[in-house]
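Asker: mind folding the following:
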Amino acid sequence: MGSRKGRNLGRINMGKVDEWKASYYCNGSKTWIYGHLVIYTRCIRFIEDKGGTSGLDFRINFEDFFELKKETTSIFFAAITVRLRTDKYWFSSFADRGHVFNTIEHFWKERLFARYVEPQLFVRKYLNAQLAKKKTWP
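Answerer: Residues are numbered from 1 along each chain as shown. The predicted model follows:
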């Protein structure tokens, strides 16, 4: 897994679920890169903001996740980490880290239990759950 400059996900059969402003910690340059974290039904994708120097654009498939955690250290404030067998990715600068984490966790767990279900079913199930949480009863 590495960076892929200008990689176009184009017509991959994935439903886009949500997108947030985020930052990614690049171990190679020891810097934060600002951009957007996009969640699809089968992966997450980080896209560097336009005007960035590296044009970073990569994805991590849920099937490759080994661990998903909320972590905080003196360097990484309120981060979400995704660990693969050989790599660890740090994402931060979310307006609501808890919401982002819960969304990623939901789709990761769904992929673990039902790998061959249509992507639209995952999106529909997630959106219905979100609507149910927002309803208030008199």
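
Asker: most centrally placed residue in this protein?
Answerer: Geometric centre of the chain, nearest residue: residue 44, 3.8 Å, by C-alpha atoms, centre = their mean.

Asker: where does the protein dip in pLDDT?
Answerer: Low-confidence segments of the chain (pLDDT under 70): 1-14, 52, 112-123, 126, 133-138.

Asker: ranges for the helices of it?
Answerer: Ranges of helices in the chain, per DSSP state H, are 97-113, 119-134.

Asker: surely the residue nearest to the centre of the chain touches residue 22?
Answerer: No. Using C-beta atoms under 8 Å, residue 44 is not in contact with residue 22, being 9.9 Å away. Using the backbone N, CA and C atoms, a C-beta is placed for each residue, glycine as well.

Asker: which residues do those two both contact?
Answerer: Common contacts of residue 44 and residue 22 (C-beta atoms under 8 Å, 6 or more residues apart in numbering): residue 37.

Asker: give the buried residues for stretch 55-71.
Answerer: 56, 57, 58, 59, 60, 61, 62, 65, 68 (16 or more other C-beta atoms under 10 Å).

Asker: next: stretch 35-42.
Answerer: Using 16+ other C-beta under 10 Å as the burial criterion, the residues of stretch 35-42 that qualify are 35, 37, 38, 39, 40, 41, 42.

Asker: doesn't residue 22 make contact with residue 91?
Answerer: Yes. Residue 91 lies in contact with residue 22 (C-beta under 8 Å); the separation is 5.2 Å.

Asker: need the overlap of contacts for these two.
Answerer: Contact criterion C-beta under 8 Å, 6+ apart; residues shared by residue 91 and residue 22: 37, 46.

Asker: so where do the strands sit in this protein?
Answerer: Assigned by DSSP state E, the strands in the chain fall at 16-26, 31-40, 43-48, 57-61, 67-71, 79-83, 88-92.

Asker: the third one to strand 16-26, inter-axis angle?
Answerer: Translated: strand 43-48. Angle, strand 43-48 to strand 16-26, by axes from the mean of the first three to the mean of the last three C-alpha atoms, to 10 degrees: 60 degrees.
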